[in-house]
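Trainee: Need the 3D shape of this:
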Amino acid sequence: MRERHARSLETFRTWFWTRVDSSGGPTACWPYLGSKLPAGYGQISAKVIRGGKLTNTQDVAYFLEHGSLPQHQGNHTCDNPPCCNPAHIFDAPQLANVRDSVKKGRARGRFSKPKPTGDFSRPVVLKI
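Mentor: The predicted structure is shown next:
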């Protein structure tokens, strides 16, 4: 998903924050209001940050707060994918993020616990 990018950092900063709902206050989640990936994360093309490469909006918020992109990746303390509140975003390696998601029961794919399949035995089906 692409959004138009601004030419200067200050213009970009203004453009970006007008697309984030910070009306809940400094401790609330600030959801990105622009286009999002199916998992809920915002993603934009930010020429002034990564030369026009697609960048997740939580990384953009981290950049605008700290002056650099996260060394690893921006992770949420709030577990809310569209959140761009810099107070909710921290830099952590992928492994730490995976461990956190497993601990909180949010893991998907090979890290998740098997889910019941809903298969029924013949006696159960006949009873229904």
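
Trainee: drop to CA atoms for contacts and neighbour counts, all remaining ones
Mentor: Will do.

Trainee: Setting the sequence-adjacent residues aside, check what's closest to the residue nearest the centre of the chain.
Mentor: Among the residues of the chain, the one closest to the centroid is Pro81, at 3.4 Å (Cα atoms, centre = their mean). Spatial nearest neighbour of Pro81, excluding adjacent residues (Cα to Cα, 6 or more residues apart in numbering): Tyr41 at 4.8 Å.

Trainee: Could you report the separation of that neighbour from Trp30?
Mentor: Distance, Tyr41 to Trp30, using Cα to Cα, to the nearest Å: 12 Å.

Trainee: a strand runs through Thr55, doesn't it?
Mentor: Yes: counting by DSSP: H, G, I helix; E, B strand; the rest coil, Thr55 is part of a strand.

Trainee: tell me the contacts of it?
Mentor: Neighbouring residues of Thr55 by Cα atoms under 8 Å, 6 or more residues apart in numbering: Gln43, Ile44, Ser45, Ala46.

Trainee: For Asn97, state which of those residues is nearest.
Mentor: The closest of the contacts of Thr55 to Asn97 turns out to be Gln43 (Cα to Cα; 18.7 Å).

Trainee: Mind pulling up the pLDDT for Arg7?
Mentor: pLDDT for Arg7: 69.

Trainee: Could you pull out the strands in the protein for me?
Mentor: Counting by DSSP state E, the chain has strands at residues 43-45, 54-56, 74-76, 89-91.
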